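Participant: Return a 3D structure for these sequence lines:
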Amino acid sequence: ILGFTGQTNVAAAWLSLLTTNDVVGIKVHSSPGRVGGTRPAVVEGVIRGLLQAGLPATNIVVWDKRLADLGAAGYFELADRYEVRIAGAATAGWDEATYYDNPLLGKLIWGDLEFGRKDGTGLITEELTRIINISPMLNHNEARVAGCLFSLASGSVDNFLRFEGDAYRLEIAIPEIYALEAIGDRVALNIADALLA
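Facilitator: Alright, predicted model coming up:
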């Protein structure tokens, strides 16, 4: 972070990207598990830096699409250790006022907002003010590479499964979802977790 920002101390480096009043969502890619997904050790380093910069622990949220994936990947223990919050975007619910519009036809499927409808808070759009996106570089059969753009796009919308079976639709949807004001404009930093190559 010092090299990236050109600052001389860790606190100043983080504060050049965000403020202590921000609610910072650390987006991880947890579905591949402890070894294949974003490693908790990388996230721990970011959390320690944010705390050193004066961000309250209650303003740090480690999140991904599903809570079960976060638990299986070891993030509950990390959240407990640093007293930061943990959240699943699907569990928190989706913001109906902010959406990605694509004219793809189909019936409601599992994962869609209106399938098994429940009201939610819109974690990404209503709670988080900044996002630090940490993602490993993985192979994806349709996207080819599942990195930072893929991880944030797939974790931020309810019906991403609609695009995953078609490379053409996927290559259009990923950058368009990331470019949404409610998502991409909140990104403070993308980090490629390259501990395992």
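Participant: any chance you could map the strands in this structure?
Facilitator: 24-27, 60-64, 85-88, 130-136, 138-140, 144-146, 187-193 (DSSP state E).
Participant: For those strands, could you give me TSV that also reports distance to Leu15, mean neighbour count and mean pLDDT?
Facilitator: No exception for glycine: its C-beta is placed from N, CA and C like everyone else's. Rendered in TSV, the data for those read as follows (distance: least, Cβ to Cβ, whole Å; neighbours: other Cβ atoms under 10 Å; pLDDT from 0 to 100):
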stretch	distance to Leu15	mean neighbour count	mean pLDDT
strand 24-27	12	28	97
strand 60-64	14	25	96
strand 85-88	21	18	93
strand 130-136	12	24	94
strand 138-140	32	13	66
strand 144-146	31	15	64
strand 187-193	11	18	94
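Participant: Okay, now the unreliable bits of this protein?
Facilitator: Low-confidence segments of the chain, defined by pLDDT under 70: 93-122, 139-145, 196-197.
Participant: if we go to 90?
Facilitator: 32-36, 88-127, 136-151, 153-177, 180, 182, 194-197 (pLDDT under 90).
Participant: Spatially central, which residue of this protein would that be?
Facilitator: For the chain, Lys27 is the residue whose C-alpha lies nearest the centre (Cα atoms, centre = their mean; 2.6 Å).
Participant: So for Leu2, which of the strands of the chain sits nearest?
Facilitator: Across those, Leu2 has its closest neighbour in strand 187-193 (13.1 Å, Cβ to Cβ).
Participant: Quick one: list the elements packing against the closest one.
Facilitator: Applying 3 or more Cβ pairs under 8 Å, 6 or more residues apart in numbering; DSSP states H and E, one finds that strand 187-193 contacts helix 40-52, strand 130-136, helix 148-156.
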